[in-house]
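In: Based on what follows, work out the 3D shape:
(chains A and B)
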Amino acid sequence: MSKQEQHWEKSRGLLFMTLAIWFVFSIGIFLFGAEMNEVTGPFGYPLTYWFTCQGSLGAFVILIFWFANRQEKIDEEFGFSERGDD
Amino acid sequence: MKGNFIDNLPKVYGIYTGGFLAFIIIMSIAEQMGMTAKTIGICFVAFTVAIYAIIGYLSRTAQADAYYVAGRQVPTVFNGMATAADWMSGASFVAMAGGIYFKGYGYMALLVGWTGGYVLVASLLAPYLRKFGCYTVPDFIGTRYGGNLSRFLAVVVLTVASFTYVTAQINATGTIASVALDIDFKYAVYVGLVSILLCSMLGGMRGVTWTQVAQYIVLIIAYLLPVFWISNKMGAGFFPHFMLADEVSRIAELEAQFGFVKNSAENLKEVPKGLAGITKAHSAVNATPWAFISLALAMMMGTASLPHVMMRYFTTPSVKAARKSVGWSLFFIFLLYSSAPMLATLSKLSLIDPTLPTGIIGKSISEVQAIDWYQNWNQANLMFVSDFNGNGTLELNEFFMGGKAVVLATPEIAGLPYVISGLVAAGGMAAAMSTADGLILAIANAISHDVYYKIIDPKAETAKRLVVARVLLVVIGFAGATIAAMEIQGILGSVIWAFDFAMSGLFFPLVLGVWWKRANREGAIAGMALGLISGAGYLIWVRNGGSGFLGITQLTFGIFGSAVSLVAMVVVSLMTSAPNAATQKMVDEVRVPSGKSILGKQH
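Out: You can find the predicted model right below:
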């Protein structure tokens, strides 16, 4: 397998992992919204309610930065990283 | 100042923020000294709009890559702020807290959808489109799939979605300008339009970028300052986001105590149009899982297909920067979105809790009608009470409010000085202007670059192309303002439709263009055309009394449209021949971040 194919395979693996986490916070939780809302979540808010106004939103922010860093590592590993900037 | 503009950005915007805070302080001193509420409102809107116009003028340019993609040198954090302003529209600013106030949990699917979509943007699209080096979204479709028809269809989808969206934004600038400057809405719409064009005409994307950063700073201060102030004033908590659990459970307690009494149709006829009462639980789950998830999913896929957001990531210096920039965008959006439910909670509790001095439920109707702020907002057609059951006391089901009132009136109800209301007007104006600018520019650029330059006259010189782009900007702006002046539909409804249109026609052609090498021109054409037609058809059918299926409503018709688009694209692609070797090689190159972009710097 060429370097480029290996790079793409790893990138695709990262994509699936990212989308799996995304699925949990954007869809998975809300399949059980009513049941989970009975539980007290962070700061004392009902749990599902907390996810809709802070939890899921914050998770997305962290997820994107995590994804960006992981992808950068993959690019560096195969020497596809761009120089400088930010 | 020494050094170039980009290196000095933190300093420039630092001084700008300090200047704006100083302006707020000067205004509050002026209020103490007797300046009228109206003058304060005019000062706030006029001062901020003048600053955006100056930035727009200073960013003028005659170069194609500066006009279309801001020279591709916008640093990640600043591009994040610009995207956040681009993204958060007048609807997010003025109407979102109101929606949460009335509909609670079910409405908050929009919060999840409008943030979760950025994960799709970051992982599926933005970095690859940045590597591609395109000026516009149809530029990608046209080059990846080849042929004028695919490029043209992408322009059509983009125009339908963005135009639906932009009329709502011009409408919002008009509403705020008419209130703050006290002129007729019909004229205020054009005042709003001129302000919008001042930012984008001379500098294109470069002008829009630097005004959007300035607008973000104004709108976030204007949103957060009142939320923190009200929370502290009510004694609800120093940092509302972490401290409102008691207030949330108190609302649930009051809801149980009052109950949701259903009003008869006859009684509801009395209520002015556009006002609503509280009919849904605040924090309890009040929607089925599918209703919640389908709305969130439609908004997420729509986010990843809306061209005015995607093109912001064409302006970063590198692919790496594009990825990070998506993270910053969402962080800046998160600051406002996570505050909206807090504002809704504070606003609701201060109105319905009889034990609070501001609470009106349980008071006698005549007492409520004598309150100053009630009279003001009743006159502005945003509040209404009526004694349906004739017992003389105001019940929960007898109090009605407009969605905008939550943001606009809560500061006054909580007893904050008028300077805050002026600030909120400036913030709403900034939010609506920045989104309108991004959208008008997206449409004008797509038509000038993709239709005029790429299809009609590929030999046109840069100067001529930029003249065409600017003329289109003005024409599209006026068309939008004219439709906005007719006030056909509400702000929020048309915003949601825009997402559905975009996802119906563009989501799969964009995503599969990067992630599926086998996708070809015929497939993309079928995907765009059938997706848009079936989505629009479903909307028309449901609007005209159709029953719909699978619980897909007129707010989520994009789910149907994009499903048709996916099936059509895959089936047609597989039935026709695979893309040629050059195209396949191009896709391979897009997937590697380093190296030259596919399209040249000037194209």
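In: Next up, identify which helix or strand the residue nearest to residue A:81 when sequence neighbours are not counted is on.
Out: Spatial nearest neighbour of residue A:81, excluding adjacent residues (CB to CB, 6 or more residues apart in numbering or on different chains): residue A:75 at 4.4 Å. Yep, even glycine has a C-beta here, placed from its N, CA and C like the rest. Taking DSSP states H and E as the criterion, residue A:75 maps to helix A:56-77.
In: and that helix, C-alpha only, in CSV?
Out: C-alpha atoms of helix A:56-77 as CSV (Å, rounded to 0.1, in the frame of the first residue of the first chain):
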residue,chain,number,x,y,z
SER,A,56,-23.7,18.5,23.8
LEU,A,57,-22.6,22.0,22.6
GLY,A,58,-19.4,21.9,24.7
ALA,A,59,-18.7,18.4,23.6
PHE,A,60,-18.8,19.4,20.0
VAL,A,61,-16.3,22.2,20.6
ILE,A,62,-13.9,19.8,22.3
LEU,A,63,-14.5,17.2,19.7
ILE,A,64,-13.5,19.5,16.8
PHE,A,65,-10.2,20.6,18.5
TRP,A,66,-9.5,16.9,19.3
PHE,A,67,-10.1,15.9,15.7
ALA,A,68,-8.0,18.7,14.4
ASN,A,69,-5.0,17.7,16.6
ARG,A,70,-5.3,14.0,15.7
GLN,A,71,-5.5,14.7,12.0
GLU,A,72,-2.5,16.9,12.3
LYS,A,73,-0.6,14.1,13.9
ILE,A,74,-1.6,11.7,11.1
ASP,A,75,-0.5,14.3,8.5
GLU,A,76,2.9,14.7,10.3
GLU,A,77,3.4,11.0,10.5
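In: So for it, mean pLDDT?
Out: Averaged across helix A:56-77, pLDDT comes to 92.
In: same question, stretch B:264-272
Out: Confidence for stretch B:264-272, expressed as mean pLDDT, is 80.
In: Quick check: end-to-end length of it?
Out: 15 Å (CA to CA, to the nearest Å).
In: in that stretch, what counts as buried?
Out: Buried residues in stretch B:264-272, counted by 16 or more other CB atoms under 10 Å in any protein chain shown: residue B:271.
In: Ok, stretch B:442-456 next?
Out: B:442-454.
In: Just put those residues in TSV and tack on distance to residue B:415, pLDDT and secondary structure.
Out: Shown next, in TSV, are those (distance: CB to CB, whole Å; pLDDT from 0 to 100; DSSP: H, G, I helix; E, B strand; the rest coil):
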residue	distance to residue B:415	pLDDT	secondary structure
B:442	42	87	helix
B:443	44	88	helix
B:444	45	85	helix
B:445	47	85	helix
B:446	48	84	helix
B:447	50	85	helix
B:448	51	82	helix
B:449	52	82	helix
B:450	53	79	helix
B:451	54	77	helix
B:452	55	75	helix
B:453	57	80	helix
B:454	58	79	helix
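In: now those in a markdown table, with distance to chain A?
Out: Converted to a markdown table, the buried residues of stretch B:442-456 look like this (distance: CB to the nearest CB, whole Å):
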| residue | distance to chain A |
| --- | --- |
| B:442 | 22 |
| B:443 | 28 |
| B:444 | 29 |
| B:445 | 25 |
| B:446 | 27 |
| B:447 | 32 |
| B:448 | 29 |
| B:449 | 25 |
| B:450 | 27 |
| B:451 | 32 |
| B:452 | 32 |
| B:453 | 28 |
| B:454 | 28 |
